[in-house]
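> Sequence and predicted structure, then a few things I'm wondering about:
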Amino acid sequence: MSFEPVIQMHNVYANYRGIDALKGVSFDLYAAEVHAIVGEHGAGKSTLVKILSGAVKKHTGELLFKGKRIENFSPGSAIKHRIGMVYQQLTVIPSLNTIDNIFAGRMKKTWYGRIDYPFLVEKTKRIFAALNYEIDIFEPLKRLSLETQYMVELARMLSYDPEILILDEMSSKLPPDKMEVVYRIIQDAKNDGKSVIYISHNMDEIFRFADRVTILKDGYRRGTEEVKDLDRIKLIKLTYSFVLSREELEKVNIKLQYFKQYNENIIQNLPVGVVILDSKNRVYMINHAAINILNISTKKIADQSFDRIFRAKVLERKGEILDKIRHREKYTWDEIAFGQNRYLKVNIYPFHDEEYFFLGTIILVEDISKERYLKEYLLRSEKVASIAELAAGVAHEINNPLSIVQNHLELLKIKKLEGTEMDKVYKIEREIKRIGDIVKNLLSFSKLNELPNRKVNLVGVIDDVVLLLGHRIREKSVLLIREVKVNEAWITGDENRLKQLLLNLLVNSIEAVVSGGIIQVELKPRYQRGYVELLVIDNGYGIPKEIIENIFDPFFSTKAGKTNTGLGLAICQHIVELHQGLIYCKSTPGEKTTFTVRFPLLSEVDTERREKVKVV
C-alpha cells in the first residue's frame, strides 16, 4: 500500500432518490489496497461508490483523484480514469449477446471501417478463460441465468483493465465456487498495485483479504479501521449497533417476535411443503407438510445443508435440483419420481431484498401421486370401457356359433368313430373350450355385475390359494415363503375375485422361476394409513424396464405359449380397481420381481404372527 491516496473524499454530501444518502462522509483509498465498506441496508455504501463511478453526483464536498480536484465524475470520465465497477443491480442489456454487452460503444474496427468481430470474439473468449467460466457468448443474455449475467458484468469491468476495481455485494449474486474466482481477481489486482473497493455484508470476506474497512450508518461514517486491529465481534458491533433506548428496543423486539411467530405459523400450516434455505443453502425453516412429504427426520434439520439432508434420498433428478439451487435459478419440475411409486412437483424460487441482495431459496414441494394415479386410472378406464363394449358384442357373436359346433361335436362323439378321427374330435373340443375361455376372460372386464359388499379376510384368501397351488409348487420344487404378521386383515369385496387375483399372480411367479426358485407372499397392514399391502415376490427372470409400463395392457404378453391370451394381468388390475385398490410392479431382471397390491383396510387386528413355511 502506497503513502499517497489514489482517491480522497472530504465532507461529501449526496442525495439519492430524494434521500440524504451521504452526510459529510470522508473516505480515502490507496494503491495496492483492498478497502472494504460495511453497513446496514440504506447506510449509503452504494451511493458512495456510485459517486466514484459517475452514476451519482455529489452535492457538496471535495473529491480528489491522485491529488487533483474533480468536481464530479461522469461514467465516461470514470472509465478514462480507469475506474471500473460491478453494480449491485444488473446493468447489462438482455437483448444483446455477451460480446455486444462487453464492448458496447467501443467496438474495435478494421482499417476499412468495419467492426473487427473476430478480434472481439477472441478477446471475449480470453476473458472468460481467465475467469474459468463456460458461456455461450453468442446467446442473448435474457436466455442465460442471472449468475451468468453477473459474470458478464464482471467481464465487462475487467475488459477496461481498471486501476480501481469497485465490487458491490458480489457474494450475494454468485455461488461460492464462482466467488473463489472473484477472490483471486482481488488478490491479483492488489499484487499488481491496483486498488479495490469491496462492499460486503460478509464479515468472513473482509477478514480474508481486506486491509482497511470503513463503517457507514445512516449516511454517516462511523469510522475507518485497520482490519488487522479488529476482531469480528467488534466489527459487528460497530456495523449493526442500534441507537435506541432500552424501552424502545424491547417494544421493537416484542413486535418483531410476534410478527415472526405469525409468519412461521402460516408457513407451518400450509398444505404445501415449504423448505426455506438461507444464502449458504442451509435449512432455515421446513414446515410439517415438507417433513411428511419428503420423509425427513426432524432431528437436527435446522442449519444442515440441503444437499446433505438429501444425500440418501431416492429422488429422481436430485443432482439437477441441487445444481439449480447452487446457481440460484428459478425452476419448476412438474413430475419427479420419489422413493417407491411416489411423484412430486417441485418449485424453487431464489428470493432477494429490495436492493436485490440474495437472501436464500424457497422450495415448494407437492405430492402429486394421487393425481398421477387418477390420471392413469381414467386412461385405463377408457381403455377397459372400450374393451367391455367390444367384449359384449363379440361374446354374443361368437358364443352362438360355438354352441352349435359344440352340439355337433356331441353328436359325433355318440357315433362310433375310428381312433384317429375321435382324437380329432376331442382336439376340436379342446380348442372350442379355449375359445370359450378367452370370451369369458373378455367378459370379465364388464362392470355390469356389481361387486358383492362382503367382508373378506385376506389371510384366508392367501391360505386357500397357497393350498390350491400346492401341487404345482411341489412339482417345480419351489420354496414358498409365507410371511404374514397378522391373523386377520379384513377388506370389503368379492372373495372369489380376490382368489382369482392372487392365483394369477402366483401362477405367473411359478412360471417365472426355475426349479428350486423362491416365491414370497407377504401381507402388510398399514393401520395409520388405512390400507393393507399384499406382495408377491419371486426371483425369476424378471421384466425388462422398457416393457414394464405395458404389462397391464389387455392382450400384452411376453409368454410364448399358445394358450396364453395376454389377459391375466389386465384382469388382475381390473379386479384390484373394482376393490378401490392399486397394483404396481417393480422388477430387476434376473434378480427379483415384486407385485404390490394395496386395498383399503376395513378394520385392525389384535394378534400378530410371523410364519415361514415350505410347501412339501
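Great, that's in hand.

> Give me the buried stretch members for stretch 501-511, please.
By 16 or more other C-beta atoms under 10 Å, the buried positions in stretch 501-511 come out as Leu501, Leu502, Leu503, Asn504, Leu505, Leu506, Asn508, Ser509, Ile510. Bear in mind the C-beta positions are built from the backbone N, C-alpha and C, glycine included.

> Quick check, the fourth one in contact with Cys572.
Yes - taking C-beta atoms under 8 Å as the definition, Asn504 is a contact partner of Cys572 at 5.2 Å.

> So Ile336, which state does it fall into?
With DSSP: H, G, I helix; E, B strand; the rest coil as the basis, the three-state label of Ile336 is strand.

> hey, what's it bridged with?
Leu344 (DSSP bridges).

> If I look at it, what pLDDT would I see?
pLDDT, Ile336: 86.

> The one 4 residues further on now?
The predicted structure scores Gln340 at 70 on the pLDDT scale.

> Is it correct that it falls within a helix?
No - counting by three-state DSSP, Gln340 falls outside a helix, being coil.

> what about it, how many neighbours?
A count of nearby residues for Gln340, using other C-beta atoms under 10 Å, gives 10.

> Can you tell me, leaving aside adjacent residues, what's nearest to Ala512?
Gly540 (2.9 Å; C-beta to C-beta, 6 or more residues apart in numbering).

> what's that neighbour sitting at in phi/psi?
Comment: the main-chain dihedrals of Gly540 come out as phi -80, psi -160, following degrees, to the nearest 10.

> Spit out the contact partners of it.
Taking C-beta atoms under 8 Å, 6 or more residues apart in numbering as the contact definition, Gly540 lies against Ser509, Glu511, Ala512, Val513, Val514, Gly517, Thr593.

> among those, who's most crowded?
Most crowded among the contacts of Gly540, counting by other C-beta under 10 Å, is Ser509 at 25 neighbours.

> How much space separates the nearest residue to Phe73 once chain neighbours are set aside from Gly84?
With C-beta to C-beta, 6+ apart as the criterion, Phe73 has its nearest non-adjacent residue at 4.0 Å, and that residue is Gly54. As judged by C-beta to C-beta, to the nearest Å, Gly54 and Gly84 stand 11 Å apart.

> Also Tyr198?
When C-beta to C-beta is the yardstick, Tyr198 and Gly84 sit 13 Å from each other.

> So those two - more neighbours on which side?
Comparing Tyr198 with Gly84 by other C-beta under 10 Å, the one with more neighbours is Tyr198, at 25 against 21.

> So for the more buried one, what's the pLDDT?
Predicted confidence (pLDDT) for Tyr198: 96.

> That one belongs to a helix?
No - with three-state DSSP as the criterion, Tyr198 is assigned strand and is not in a helix.

> all helices for the stretch 301-450 of the chain, in order.
The residue ranges that make up the helices of the stretch 301-450 of the chain, judged by DSSP state H, counting those that start in this stretch, are 306-309, 318-326, 369-414, 419-443.

> Tell me the buried residues in the second one?
Meaning helix 318-326. Under the neighbour-count criterion of 16+ other C-beta under 10 Å, helix 318-326 has Ile321, Leu322, Lys324, Ile325, Arg326 buried.

> and stretch 504-517, average pLDDT?
Looking at stretch 504-517 alone, the average pLDDT works out to 89.

> List the contacts of it.
Everything outside stretch 504-517 that qualifies as a contact, by C-beta under 8 Å, 6+ apart, is 465-466, 469, 472-473, 476-479, 519, 521, 536-542, 559, 568-569, 571-572, 593, 595, 597.

> Can I get the buried ones among those residues as something I can paste into ChimeraX?
One line in ChimeraX is enough to select the buried ones among those; burial here means 16+ other C-beta under 10 Å:
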select :465,466,469,473,478,479,519,521,536,537,538,539,540,541,542,568,569,571,572,593,595,597
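
> circling back: in JSON lines, list the buried residues of helix 318-326 along with pLDDT.
Written out in JSON lines, the entries for the buried residues of helix 318-326 read as follows (pLDDT from 0 to 100):
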{"residue": "Ile321", "pLDDT": "87"}
{"residue": "Leu322", "pLDDT": "86"}
{"residue": "Lys324", "pLDDT": "88"}
{"residue": "Ile325", "pLDDT": "87"}
{"residue": "Arg326", "pLDDT": "86"}
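
> I'd like to know which helix or strand in the protein has the lowest mean pLDDT.
The helix or strand with the lowest mean pLDDT-type score in the chain, counting by mean pLDDT, DSSP states H and E, is helix 246-268 (a mean of 69).

> Next SSE downstream of it?
Tracing the chain past helix 246-268, the next element assigned as helix or strand by DSSP states H and E is strand 273-278.

> now that following strand against helix 318-326, angle please.
What separates the directions of strand 273-278 and helix 318-326 is an angle of 50 degrees, with axes from the mean of the first three to the mean of the last three C-alpha atoms, to 10 degrees.

> Relative to the whole chain's centre, how far out is strand 273-278?
Here the centre of strand 273-278 is set off from its chain's centre by 12 Å, with C-alpha atoms, centre = their mean, to the nearest Å.

> before we move on, what about stretch 359-373?
The answer for stretch 359-373 is 8 Å, by C-alpha atoms, centre = their mean.

> swap in stretch 257-274?
Averaging C-alpha positions (C-alpha atoms, centre = their mean) puts stretch 257-274 22 Å from its chain's average.

> which ones are touching Gln268?
Going by C-beta under 8 Å, 6+ apart, Gln268 touches Asn287, His288.

> if I look at it, how far off is Ile368?
22 Å.

> And for Val425?
Note on Val425: its distance to Ile368, by C-beta to C-beta, is 59 Å.

> Which one of the buried residues of helix 318-326 is nearest to Gly24?
Ranked by distance to Gly24 (C-beta to C-beta), the buried residues of helix 318-326 are led by Arg326 at 42.4 Å.

> Touching, the closest one and Lys280? I think so.
No - using C-beta under 8 Å, Arg326 makes no contact with Lys280, being 10.6 Å away.

> how many neighbours does the nearest residue to Glu163 once chain neighbours are set aside have?
Distance criterion C-beta to C-beta, 6+ apart; nearest residue to Glu163, sequence neighbours excluded, is Arg82 at 4.2 Å. The number of residues packed around Arg82, counting by other C-beta under 10 Å, is 13.

> Check Leu409 too.
14.

> Next, count neighbours for the closest residue to it other than its chain neighbours.
Taking C-beta to C-beta, 6+ apart, and ignoring the residues beside it in sequence, Leu409 has Glu429 as its nearest neighbour in space, at 5.4 Å. The local packing count at Glu429 equals 16, with neighbours defined by other C-beta under 10 Å.

> ok, Glu429 to Asn400 distance?
18 Å.

> Ok, Glu483 next?
Taken as C-beta to C-beta, the spacing of Glu483 relative to Asn400 amounts to 48 Å.

> Could you check which of the two is surrounded by more residues?
When neighbours are counted by other C-beta under 10 Å, Glu483 and Asn400 differ, and Glu483 comes out ahead with 15 against 9.

> what sits opposite that one in the beta ladder?
Counting by DSSP bridges, Glu483 is bridged to Glu522.

> host element of Val536?
For Val536, the host element (DSSP H and E) is strand 531-538.

> Output that strand as PDB - backbone C-alpha positions only.
Output in PDB follows, covering the C-alpha atoms of strand 531-538 (Å, rounded to 0.1, in the frame of the first residue of the first chain):
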ATOM      1  CA  TYR A 531     -54.700 -49.700   3.800                       C
ATOM      2  CA  VAL A 532     -53.200 -53.200   3.600                       C
ATOM      3  CA  GLU A 533     -50.500 -54.300   1.100                       C
ATOM      4  CA  LEU A 534     -50.300 -57.800  -0.400                       C
ATOM      5  CA  LEU A 535     -46.900 -58.600  -2.000                       C
ATOM      6  CA  VAL A 536     -45.900 -61.400  -4.300                       C
ATOM      7  CA  ILE A 537     -42.100 -61.600  -4.800                       C
ATOM      8  CA  ASP A 538     -40.100 -64.000  -6.900                       C
END
